[in-house]
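# Could you look at this predicted model? Sequence included:
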Amino acid sequence: MQHTVHDFEAAARDKLDPVHVDFIAGGARDEITVRANEAAFGRLQLLPRVLRGSAVRDLDITLLGSRARMPVLLSPTAFHKLVYPEGELATVRAAAAAGAIMIASMASTVAVGEIADAARATDSDAQLWFQLYIQPDLEITEALVRRAVDAGCTALVVTVDSPVLGAGERNRRNGFHDLPPGLRCENLVDLRDGERGHVRQIAMSPELNWEHIDWLRGVTELPVLLKGVLHPEDARLAVRHGADGLLLSNHGGRQLDTVPATLELLPEILAAVAGRIPIVLDGGVRRGTDVVKALALGASAVGIGRPVMWALAQGGEEGVRRLLELLRDELDDTLALCGASGLADLTPDLVRVPAWAPVPGPAVAPGSDHRFGGGAVV
Ligand SMILES: Cc1cc2nc3c(=O)[nH]c(=O)nc-3n(C[C@H](O)[C@H](O)[C@H](O)COP(=O)(O)O)c2cc1C
Ligand SMILES: CCCCC(=O)C(=O)O
């Protein structure tokens, strides 16, 4: 039985092909950023308030017009059928049950229209968003956007940190470059005559620039979030080019290795956008306390990537449902312990960077023996 988010990973590792475990767990190069994301949460401390809570806590959010019952989104992850036969259909049913926003990957193994139909069939009002890699062929990109719009997606998440494919050295060593026979990137099927949904159809393009974002703004009315902006100057440019939000993400450490943990960048990015657009953060979120830290510092919501893949592999729809319930319970528990009656009570004063320096007292000169009070006071 899984009692923590990490337990799902352990259970999934027992079930999955080790090559697929490496695909999910792995990152770029030395995986320094992969480790940094989780470690950053551990370094921050919470400083709770007392005697001001409430019997129930409000976890609802509205993000760019999409309502959700918890501030945890399912970040886009490719290839769900690789780990569970129903793939994204199982994931979206669980997300809908939890009232969580799912961001379907452009590289999903179920077509976005079918994912949306499965969500609607649950009678939940949970929203589906679509992640897009802008393709240098703009007609193809427009056709993809149309598929997302027709499916009823309520926002687009444009991944901008992938001018080239991340260097997953585990995948290279394992020779994992492709989906196994029978699985396809369903959103890419027949975009052009006869295209069969091959992973290699996805162009990671170093030619992309801000004009592509301007162009995209012109072809859709959907809110557009940029995923993978890390430099504060780019955050300012994103606002100027009409982005409606940012998903502050280093792709779970899968693109450029040695970039900072997203949590460490959050204050700078918030300062750069100065409240003009919401910031969602992903990377290393594994605990209710992690969610609280990110939100207290000013994120509007967080996303989870690998935990969803592990839970899906462990137990399909039921696994992802339990993962989301677990995170919701931990979040609720943390809010109660922080004296918060809802997400609005999460303020930056609840978070501390540890101050290792001793509290200042009477200073004693180096070399003096303070036990005898003989040193000069400086
Ligand atoms: C197996 C896997 C597949 C992913 N696929 C995509 C993708 O298709 N598009 C995308 O923008 N990000 C993708 N990501 C990155 C996630 O959206 C997210 O940024 C990252 O996983 C968050 O970090 P976490 O795994 O520590 O929660 C993928 C990540 C993983 C682990
Ligand atoms: C072509 C699929 C890209 C998936 C991805 O973004 C990742 O594995 O991190």
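Noted; the coordinates are in hand. Being a predicted model, the structure only gives us computed values, none of them experimental. Ligands and ions are numbered 1, 2, ... in the order given.
# from memory Trp310 sits against Phe8, does it?
Yes. Contact criterion Cβ atoms under 8 Å: Trp310 and Phe8 qualify, at 4.2 Å. For the C-beta atoms, the positions are set from N, CA and C on the backbone; glycine is no exception.
# Quickly list what's touching both of the two.
Leu323 (Cβ atoms under 8 Å, 6 or more residues apart in numbering).
# Compare the two (neighbour count), which wins?
Trp310 (29 against 26; other Cβ atoms under 10 Å).
# The helix or strand containing that one near ligand 2 anywhere?
Counting by DSSP states H and E, the element that carries Trp310 is helix 306-337. No. Interface with ligand 2: helix 306-337 contributes nothing (Cβ under 6 Å from any ligand atom), its closest point being 10.0 Å away.
# Quick one: mean pLDDT for that helix?
For helix 306-337, the mean pLDDT works out to 98.
# got the buried residues for that helix?
Of the residues in helix 306-337, those scored as buried under the neighbour-count criterion (16 or more other Cβ atoms under 10 Å) are 306-317, 319-324, 326-328, 330-332, 334-337.
# Show me what it is packed up against.
In this structure, helix 306-337 packs against helix 5-15, helix 18-25, strand 72-74, helix 88-98, helix 288-297, with contacts taken as 3 or more Cβ pairs under 8 Å, 6 or more residues apart in numbering; DSSP states H and E.
# 6 Å - rerun?
Using 3 or more Cβ pairs under 6 Å, 6 or more residues apart in numbering; DSSP states H and E as the contact criterion, the elements in contact with helix 306-337 are helix 5-15, helix 88-98, helix 288-297.
# For the stretch 251-378 of the chain, give the residue positioned nearest to ligand 1.
Of all residues in the stretch 251-378 of the chain, the one sitting closest to ligand 1 is Gly305 (2.0 Å; Cβ to the nearest ligand atom).
# measure that residue to Gly152 for me?
Distance check for Gly305 against Gly152: by Cβ to Cβ, to the nearest Å, it reads 23 Å.
# For stretch 253-265, list every residue counted as buried.
Buried positions in stretch 253-265, judged by neighbour count with 16+ other Cβ under 10 Å: 253-257, 259-263, 265.
# Around ligand 2, which positions in the protein sit nearby?
Listed as neighbours of ligand 2 in the chain under the rule Cβ under 6 Å from any ligand atom: 78, 107, 166, 199, 202, 251, 254.
# For Lys19, grab the count of nearby residues.
Small correction: residue 19 is Val, not Lys. The criterion is other Cβ under 10 Å. On that basis, Val19 has 14 neighbouring residues.
# check contacts around it.
Neighbour list for Val19: 174, 176 [criterion: Cβ atoms under 6 Å, 6 or more residues apart in numbering].
# Check the gap between it and Ala143 for me.
Val19 sits 32 Å away from Ala143 when distances are taken as Cβ to Cβ.
# Tell me the residues of the stretch 101-250 of the chain that contact ligand 1?
Applying Cβ under 6 Å from any ligand atom, we find that the stretch 101-250 of the chain lies next to ligand 1 at 105, 107, 131, 159, 227, 249.
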